[in-house]
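Visitor: The following block contains a protein sequence and its predicted model.
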Amino acid sequence: MINDLFDIKIGYASPKNPIALASMAGITDSKFASGFTHAGLIILGGYNLDQETNDAARKEIERGRKEFVSDNPMGFLKTELEAASKPGTPGTPGTPGATIAVNVRAASLEPFLEAADIAKKSGAILEINAHCRQPEMLAVGAGEALLKDLEKLCGYIREIKKTGVVLSIKIRANVVNDVELAKAIEKAGADIIHIDAMHPQGVDFGAIKRVRNSTGLFIIGNNSVVDFETAKEMFSRGADMVSLARAVLHDHNIIKHLVDEVSSFQALTGWYNAPKHICAGGDLRALAFCCLPVKPCALHGALKQAGLSAEEFMKIKLKFAKGTPIEYGEGTCFGSMTWCCKITKPCYLRDGALESSGLSDVEYMRIKKRLSEYIRKHMKT
């Protein structure tokens with residue numbers, strides 16, 4: 001049943017649910033990952049692909065950090081992917097049912113290209129680590145150093161994508177301009193942006209929203225996801241998936257719990273990562289829930305950001321709704337469910353219209369999701 005709930009597709013990858021195990025250097029290998037088979041995505045690594053990054057990792061180990069090192073990095077990568085692809089049981093190598101990704105670091109392009117070929121042949125996702133901030137890695141131009149050399153990073157992306165691999169870029173928010181970075185990553189051809197929403201004062205959910213509003217990239221949100229409430233915060237700001245790292249070390253069952261929770265929520269609502277309403281700080285997908293722009297409210301600011309006039313917005317929504325069940329809605333505020341809010345907000349007028357039309361909560365939200373995608377295609381930003 002769970003496998004039928006979600007329709008997540010990223011190139012040739014189809015994660016079974018939107019919960020991911022993030023990479024942790026020196027920890028997340030195939031054996032460790034085999035204990036988290038409920039995850040939709042398991043990201044192994046970070047693995048070092050060349051002598052420079054392996055030497056840097058050895059220096060980190062000397063000062064007490066955990067790292068994966070190898071004298072034969074490509075052979076090690078192949079072995080890990082083979083182990084992760086085999087059926088297994090908790091405590092033994094193998095992650096049945098989970099989509100696999102490999103988080104990798106290198107000091108030059110060539111190792112990334114070789115790793116991309118290996119990953120693609122295994123049906124795995126390749127994730128460039130532009131996230132590590134350890135000084136030894138920065139010194140060889142790896143990890144977070146790539147965020148400050150956008151030309152190099154985008155050059156890597158363009159060349160790596162020629163291999164046909166599904167490509168993720170793991171970044172740390174608030175290091176450079178997040179919107180400019182995300183737009184450049186998307187333009188270069190990456191498929192996924194994996195955002196550690198780190199902020200000096202704590203998690204920055206706004207970083208997820210900013211990227212959602214400015215790109216069509218598949219977004220994995222990371223940082224401080226410790227329960228379903230924090231996962232929902234990420235989802236409601238635009239994350240398509242959330243990832244957990246250190247939290248799994250404290251609670252080995254947390255991924256299973258989150259998969260159960262998000263699956264129940266999806267079964268009830270039909271849109272697990274539906275945005276908050278615009279007036280509650282939601283991203284631009286929430287224009288699907290806005291009413292007619294007839295009074296001063298946050299909608300007008302959102303329309304300006306989307307590059308749409310009030311009249312254009314009305315025409316877009318009405319055109320989409322024509323011939324669909326939400327075209328109607330006698331008794332609602334504006335006579336059509338086109339203008340109604342999300343199902344989790346109590347509204348007896350909307351609920352009455354749904355009952356009269358025979359439209360279920362899930363069907364209603366699925367239509368609203370399609371409406372949000374339709375509006376997105378007409379935005380001018």
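Guide: Good, I have the coordinates.

Visitor: Could you use CA atoms for every contact and neighbour count after this?
Guide: Fine.

Visitor: which SS class is the residue lying closest to Phe320 once chain neighbours are set aside?
Guide: For Phe320, ignoring the flanking residues on the chain, the nearest one in space by Cα to Cα, 6 or more residues apart in numbering is Leu371 at 6.8 Å. Here Leu371 is recorded as helix under DSSP: H, G, I helix; E, B strand; the rest coil.

Visitor: quick one, what contacts Leu371?
Guide: Ala288, Lys317, Phe320 (Cα atoms under 8 Å, 6 or more residues apart in numbering).

Visitor: State the distance from it to Arg237.
Guide: 17 Å (Cα to Cα, to the nearest Å).

Visitor: just Glu151 next, same as before
Guide: Counting by Cα to Cα - Glu151 and Arg237 are separated by 28 Å.

Visitor: Quick check on the two: which one has the bigger neighbour count.
Guide: Higher neighbour count among Glu151 and Arg237: Arg237, with 28 against 13, using other Cα atoms under 10 Å.

Visitor: so the more buried one sits right up against Asp283, yeah?
Guide: Yes - applying Cα atoms under 8 Å, one finds Arg237 in contact with Asp283, separated by 5.9 Å.

Visitor: what touches both of those two?
Guide: Lys209, Arg212, Pro275, Lys276.

Visitor: Out of these, which sit inside helices?
Guide: Lys209, Arg212 (DSSP state H).

Visitor: where do the strands sit along the chain?
Guide: Along the chain, counting by DSSP state E, strands occupy 19-21, 41-48, 99-105, 125-130, 167-172, 192-196, 218-222, 241-244.

Visitor: Output those strands as TSV; include the columns mean pLDDT and mean neighbour count.
Guide: Shown next, in TSV, are the strands of the chain (pLDDT from 0 to 100; neighbours: other Cα atoms under 10 Å):
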stretch	mean pLDDT	mean neighbour count
strand 19-21	98	27
strand 41-48	97	28
strand 99-105	98	27
strand 125-130	98	27
strand 167-172	98	24
strand 192-196	98	25
strand 218-222	98	26
strand 241-244	98	25
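
Visitor: For Glu67, find the nearest of those strands.
Guide: strand 41-48 (7.9 Å; Cα to Cα).

Visitor: Contacts for that closest one next, please.
Guide: With Cα under 8 Å, 6+ apart, strand 41-48 has contacts from 15-30, 33, 36, 54, 57, 67-70, 73, 77, 98-106, 129.

Visitor: Also stretch 349-366?
Guide: With contacts defined as Cα under 8 Å, 6+ apart, stretch 349-366 is touched by 267-271, 325-326, 329-333, 337, 340, 342-343.

Visitor: What pLDDT does the model give the nearest residue to Asp50 once chain neighbours are set aside?
Guide: Nearest residue to Asp50, sequence neighbours excluded (Cα to Cα, 6+ apart): Ala106, at 5.9 Å. On the pLDDT scale, Ala106 is placed at 98.

Visitor: can you check Pro96 too?
Guide: For Pro96, the model assigns a pLDDT of 50.
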